[in-house]
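>>> sequence plus predicted model, see below.
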Amino acid sequence: MSRELTGFYRSLAEDTDPRGLAAPDMVRRYADRRARTRAALGVLTAAALVGGTAVGAQFVLTAGPATRVGPPADTPAPPSPVPSDPTPTPSATSPGPSRSASQQPPSTSSTRVPPPARTPTSIPDSAFFALAAANDTGAGARFGEGQVLPALCGAEPGASRTVRQRVRTVPFKLAGAPEGSIPDGLYQHSITIYRDGAAADALDELRDAVRECPQQQLGDVIRRQKLLPSSGYGEESVLFEVRGPYQVPDGGPTGEVVHLVRAIRIGSVVTVLWDQGWEGSSTPKSQLDADSRRAVTAIRDWLR
């Protein structure tokens, strides 16, 4: 405190009751105490506001399901607790939620197993293939009775286990043949339904019959049979040739003719294409191969 203020204070004290006026030091201490009190009150007020905010937040967080503020609708729910179990945990045996879809093991439920081939009981016309336009003579096919296979020393592969059989004859021409010309070949085409499991046995018996009959006498003619490689037709197939002399009706033999026979199995069904030629002609194997593929397609469409 300055000297002038102190002197002034003393003069004032002399004119008043010394007991009613406090000393300058007391006045200063009193002022300092008031300042500290105000500061303390400010701190307490701020602390009370912070405490009230914390208490309110805690009340919201601990409130029941009716008042709790839940996460957004698109927030994934936390995983449920896994009970203790001696068996391996899901994280050890199966991919976790964060694993990418490409790492997931394939689902056996989505694996499609093809249905077993059904065994039909009748043979419609649609089960027989149609010739390509370039090979169609316009004469059409004729259904009737007839042999399914050429003679093989008296063997009849699978004959006792058939359920249904149909046979037709199909004349055909080679591509590029002139219009109005005679056919280039004739198929004896058959479809046979066998009892379950007997169709495969019938083809095995056919292979054995061809092997065991390499040559046979038919009237005045000797014919020879030989197995040929065949694959890629149906579930399995057998191809063999029948080779013999070509004879002119009014004369003796003038050469050799080769006829091809292919038997194809699809499930319990066997179809046979037996090329019998036309007036002593031989059919190219490429033509038989093409018509064999058409025959397989027609049967598969029928069995769907």
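Nice, thanks for sending it over. Numbers count the residues shown, from 1 in each chain.
>>> name the residues of the longest strand along the chain that are buried.
Longest strand in the chain, counting residues (DSSP state E): strand 253-266. Neighbour-count burial for strand 253-266, with 16 or more other C-beta atoms under 10 Å as criterion, is recorded at Val257, Val258, His259, Leu260, Val261, Arg262, Ala263, Ile264, Arg265, Ile266. Every C-beta, even on glycine, is put in place using the N, C-alpha and C of the backbone.
>>> so how far does stretch 173-192 reach from one end to the other?
With C-alpha to C-alpha, to the nearest Å as the measure, stretch 173-192 spans 26 Å from end to end.
>>> what's the mean pLDDT across it?
Stretch 173-192 shows an average pLDDT of 94 in the prediction.
>>> in that stretch, what's buried?
Buried-residue list, stretch 173-192, by 16+ other C-beta under 10 Å: Lys173, Leu174, Pro183, Asp184, Gly185, Leu186, Tyr187, Gln188, His189, Ser190, Ile191, Thr192.
>>> now swap in stretch 135-150 and tell me
For stretch 135-150, by 16+ other C-beta under 10 Å, it's Asn135, Thr137, Ala141, Val148, Leu149, Pro150.
>>> start to end distance for it?
Stretch 135-150: ends 24 Å apart by C-alpha to C-alpha.
>>> what's next to that stretch, contact-wise?
125, 128, 130, 157, 165-175, 183, 188-190, 192, 206, 223, 225, 242, 259, 261, 263, 272, 274, 287, 291 (C-beta atoms under 8 Å, 6 or more residues apart in numbering).
>>> circling back to that earlier point, just put the buried residues of stretch 173-192 in a markdown table and tack on distance to Gln247.
Putting those into a markdown table (distance: C-beta to C-beta, whole Å) gives the following:
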| residue | distance to Gln247 |
| --- | --- |
| Lys173 | 23 |
| Leu174 | 23 |
| Pro183 | 19 |
| Asp184 | 19 |
| Gly185 | 18 |
| Leu186 | 17 |
| Tyr187 | 21 |
| Gln188 | 20 |
| His189 | 25 |
| Ser190 | 26 |
| Ile191 | 31 |
| Thr192 | 31 |
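>>> inside strands: which ones of these?
If you go by DSSP E, the buried residues of stretch 173-192 have Gly185, Leu186, Tyr187, Gln188, His189, Ser190, Ile191, Thr192 in strands.
>>> just to revisit the earlier point, please identify which of the buried residues of stretch 135-150 is nearest to Arg161.
Val148 (13.3 Å; C-beta to C-beta).
>>> which stretches of the chain have low pLDDT?
Residue ranges of the chain with pLDDT under 70: 1-118, 248-253.
>>> tell me how it divides into domains.
3-61, 125-303 (automatic domain parsing).
>>> tell me which of those lies nearest to Thr119.
domain 125-303 (4.7 Å).
>>> if we can go back for a sec, tell me which of the domains of the chain sits most buried.
Across the domains of the chain, averaging neighbours per residue (mean count of other C-beta atoms under 10 Å) puts domain 125-303 on top, at a mean of 16.
>>> ends of that one, how far apart?
13 Å.
>>> OK, contacts around Arg265?
By C-beta under 8 Å, 6+ apart, the neighbours of Arg265 are Ala199, Ala200, Ala202, Leu203, Gly234, Glu235, Glu236, Ser237.
>>> quick one on the thing from earlier: hmm, who's touching whichever helix or strand comes after the longest strand of the chain?
Note on strand 253-266: by DSSP states H and E, the next helix or strand toward the C-terminus is strand 269-275. Applying C-beta under 8 Å, 6+ apart, the contact partners of strand 269-275 are 120, 148-150, 158, 185-194, 199, 202-203, 259-264, 283, 288, 291-292, 295-296, 299, 303.
>>> thought Gly244 was touching Val257?
Yes. Gly244 lies in contact with Val257 (C-beta atoms under 8 Å); the separation is 6.2 Å.
>>> Arg211 belongs to a helix?
Yes. Read with DSSP: H, G, I helix; E, B strand; the rest coil, Arg211 is one of the residues of a helix.
>>> can I get the buried residues of stretch 135-150 in a markdown table with secondary structure and distance to Cys213?
Shown next, in a markdown table, are the buried residues of stretch 135-150 (DSSP: H, G, I helix; E, B strand; the rest coil; distance: C-beta to C-beta, whole Å):
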| residue | secondary structure | distance to Cys213 |
| --- | --- | --- |
| Asn135 | helix | 31 |
| Thr137 | coil | 33 |
| Ala141 | coil | 29 |
| Val148 | coil | 16 |
| Leu149 | coil | 11 |
| Pro150 | coil | 10 |
